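> What follows is a predicted structure for the sequence shown.
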Amino acid sequence: MRVVPERSEPPRAVEPPSRSAERSDPIRIVPERSESGSGNRIDELLREMIARGASDLHLTADNHPVLRIHGEIQHLAERPKLDSAQIQALVAPIMGEKATGDFSALRDADCAYEVPGLARFRVNVFEDRKGIGAVLRQIPITIISADELGLPKACLDLCKLTKGLVVVTGPTGSGKSTTLAAMIDHINRTRADHIITIEDPIEFVHPNRKCLVNQREVGTHTKGFKQALRAALREDPDVVLVGEMRDLETVAIAIETAETGHLVFGTLHTTTAASTVDRIIDQFSADRQAQIRVMLSESLKGVIAQVLCKKIGGGRVAAHEVLLATPAVSALIRDGKTFQLANVMQTSRQLGMVTMNDSLFALVQNKKIEPREAWTKSVEKPGIATMLKNAGYPTSFD
């Protein structure tokens, strides 16, 4: 498959940022260095973010800093509002040369930042009508284990495979990276293999335990996912993690890598296991879909779909849907009958498959989440409502 080189627009002429409410001129970020030993000025906000148990810090021009705590937005009204220039002064020292260049060309940029002893953060810097803004998401320094996350046993069984494709899916902010990190860590502790991760940016850092681990960051260590995935085939890997299967070519190479005897993990932003299979196939042209169905029926080993729910008493907990590639599932994929996958999952619980409604209902029964939260997060609401009603829970959610 031929890779068509991408074109990037040259940086536009810029003017110094103003404090007006509306902006039409692009902003230039100038890299800055913090004073030796003093840390960066944004660290104070990040420490407060961690102390309050927040997952995200939002910085928006002409607004107070904002935290997302247990899924809800909370304004830090006790802190002064920040204008665009002040936000620029906070984020410029942590962006680095690549992210600064990306911002100049594209008007948004991603990078990672670490406060030693506190946490790592995934950073997105952008420009809107008021000026510069940023969102920083916490990535715990310590990888949360599969047991601590409460991952289904079937997820750990997938980590024992020597080849095939495993997809972890869910909406943005659903904890996909945390789940994948736990699965890679499990492999790292139980197998003597070579693991290559391709991420944008690197989030969780995996030390060499039983495995040799090489982590590559898109834009810093490689041009893109598809280029790094192609290169990985020549780097003697056993396990390959693709942070995002963003485009058709990356998906195609991931399937090819799985077919050639490697265990490949990837992510998508679909909401159910069945829709994940359809999304993969639908990325290809109609004349190729029959071939891809056959390839996917042979290479796909499992799909884990997840969603984060608000816990009773605070915090959040994940509900998981697990699809395993049994002969029946592979046949449905090959024959283009993915609409029947949900039925197979319901009748294959003894094999380790879990529907999202089963997982949500179990969280209600274990008093982890409220019935209303289960209904809110369910994709198939009539089904969860029936399950809750039959168990005696109130179901007046409309």
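Cool, got the structure.
> Would you map the strands across the stretch 201-350 of the chain?
212-217, 239-242, 263-268, 300-310, 316-324 (DSSP state E, counting those that start in this stretch).
> where does the protein have low pLDDT?
1-39, 398 (pLDDT under 70).
> what residues go with each domain of it?
Domains of the chain are assigned by automatic domain parsing as 43-139, 146-354.
> Residue 362 is nearest to which of those domains?
Each of the domains of the chain has some distance to residue 362 by CB to CB; the shortest is domain 146-354, at 8.2 Å. Just so you know, the C-beta spots here come from the backbone N, C-alpha and C atoms, and that holds for glycine as well.
> Now do the same for residue 184: helix, strand or coil?
helix (DSSP: H, G, I helix; E, B strand; the rest coil).
> for it, what are its contacts?
Applying CB atoms under 8 Å, 6 or more residues apart in numbering, we find residue 184 in contact with 195, 197, 204, 206, 239, 241, 265.
> For residue 147, state which of these is nearest.
Of these, the one sitting nearest to residue 147 (CB to CB) turns out to be residue 204, at 16.5 Å.
> got the contact list for the closest one?
So residue 204 contacts 120, 139, 140, 143, 177, 178, 181, 184, 185 (CB under 8 Å, 6+ apart).
> now residue 380
Per CB under 8 Å, 6+ apart, neighbours of residue 380: 342, 356, 357.
> Between all of the contacts of residue 184, which two are separated the most?
The span of the contacts of residue 184, defined through CB to CB, is set by 204 and 239 at 14.7 Å.
> Which single helix of the chain contains the most residues?
Counting residues, the longest helix found in the chain (DSSP state H) is helix 84-106.
> that older thread, who wins on neighbours among the contacts of residue 204?
Counting neighbours by other CB atoms under 10 Å, residue 181 leads these with 24 neighbours.
> In this structure it contacts residue 144, no?
Yes. Contact criterion CB atoms under 8 Å: residue 181 and residue 144 qualify, at 7.5 Å.
> the strands in the stretch 1-150 of the chain, which residues?
Assigned by DSSP E, counting those that start in this stretch, the stretch 1-150 of the chain shows strands spanning 54-59, 66-69, 72-75, 108-115, 119-128, 131-139.
> tell me the most buried of the ones you listed?
Comparing those by mean neighbour count (mean count of other CB atoms under 10 Å), strand 131-139 comes out on top with a mean of 22.
> Against which helices or strands is that strand packed?
helix 43-51, strand 54-59, helix 84-106, strand 119-128 (3 or more CB pairs under 8 Å, 6 or more residues apart in numbering; DSSP states H and E).
> relative to helix 84-106, how tilted is that strand?
90 degrees (axes from the mean of the first three to the mean of the last three CA atoms, to 10 degrees).
> Direction included, what does strand 131-139 pair against?
Counting by DSSP bridges, the strands paired with strand 131-139 are strand 54-59 (antiparallel), strand 119-128 (antiparallel).
> picking up where we left off before, the domains of the chain: which one's closest to residue 392?
domain 146-354 (17.6 Å).
> starting at the chain centroid, how far to that closest one?
11 Å (CA atoms, centre = their mean, to the nearest Å).
> and the residue nearest to residue 162 when sequence neighbours are not counted, bridged to which residues?
Nearest residue to residue 162, sequence neighbours excluded (CB to CB, 6 or more residues apart in numbering): residue 263, at 6.2 Å. Beta-bridge pairing for residue 263 (DSSP bridges): residue 164, residue 239.
> Is it correct that residue 263 is in contact with residue 232?
No. Between residue 263 and residue 232 there is no contact under CB under 8 Å: 12.0 Å.
> what residues are shared contacts of these two?
residue 240.
> distance of the residue lying closest to residue 148 once chain neighbours are set aside from residue 247?
Nearest residue to residue 148 in three dimensions, chain neighbours excluded: residue 182, at 7.9 Å (CB to CB, 6+ apart). Distance, residue 182 to residue 247, by CB to CB, to the nearest Å: 26 Å.
> Next, the contact list for residue 102, please.
Counting by CB under 8 Å, 6+ apart, residue 102 has contacts 108, 109, 110, 219.
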